[in-house]
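In: What would the 3D arrangement of this be:
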Amino acid sequence: MKFVCLGYYDDATMEGKTEAEMAEFMEECFAYDDELRRGGHFVGGEALQRAEAAVTLRMKGGQVDVTDGPFAETKEQIGGLLFLEARDLNHAIALMSKHPGVRFGPFEIRPANDEINALIKARDAAIKNS
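Out: Numbering: from 1, shown residues only. Modelled structure (predicted):
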């Protein structure tokens, strides 16, 4: 099964950290990602820029409204996505519970929607073949 793991961070947990401490933390995260790769569990991932670089789209009065910043009014913001292959949700939880990133904020683990993703894949193939 495929899972999307949304990694969140809280700026407060990073306050006072030196560049060296942050570099060491990132290396721990990369090293664990390498373990996931070696086990065939790391499908992919993307780190995101800080929430201040985000925009949010909403429909207002039939028009698209663009506002600066993330949608959520929370201290925790999405910092990145990790695509994971696991046997089931419990296996995904076991794998991600060892990720060093959980020290800086929570991970939301959500199963991929295989039915809709199959439709997306079919449309991608149709476009490539046209």
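In: Dihedrals phi and psi, residue 82?
Out: phi -130, psi 130 (degrees, to the nearest 10).
In: got a list of what it touches?
Out: Residues counted as contacts of residue 82 (C-beta atoms under 8 Å, 6 or more residues apart in numbering) are 4, 5, 7, 33, 42, 44, 45, 96, 99, 107. Every residue, glycine included, has its C-beta placed from N, CA and C.
In: Give me the buried entries from these.
Out: 4, 5, 7, 33, 42, 96, 99, 107 (16 or more other C-beta atoms under 10 Å).
In: do you know how far the one residue sitting closest to the centre of the chain is from residue 46?
Out: Computing the C-alpha centroid of the chain and ranking residues by C-alpha atoms, centre = their mean puts residue 81 first, at 1.6 Å. Per C-beta to C-beta, to the nearest Å, residue 81 is found 5 Å from residue 46.
In: If you rank every helix and strand of this protein by mean pLDDT, what lands last?
Out: helix 11-14 (a mean of 82; mean pLDDT, DSSP states H and E).
In: Quick check: the farthest pair among the buried ones among the contacts of residue 82?
Out: Distance extremes for the buried ones among the contacts of residue 82: the farthest pair is 4 and 33 at 14.9 Å, using C-beta to C-beta.
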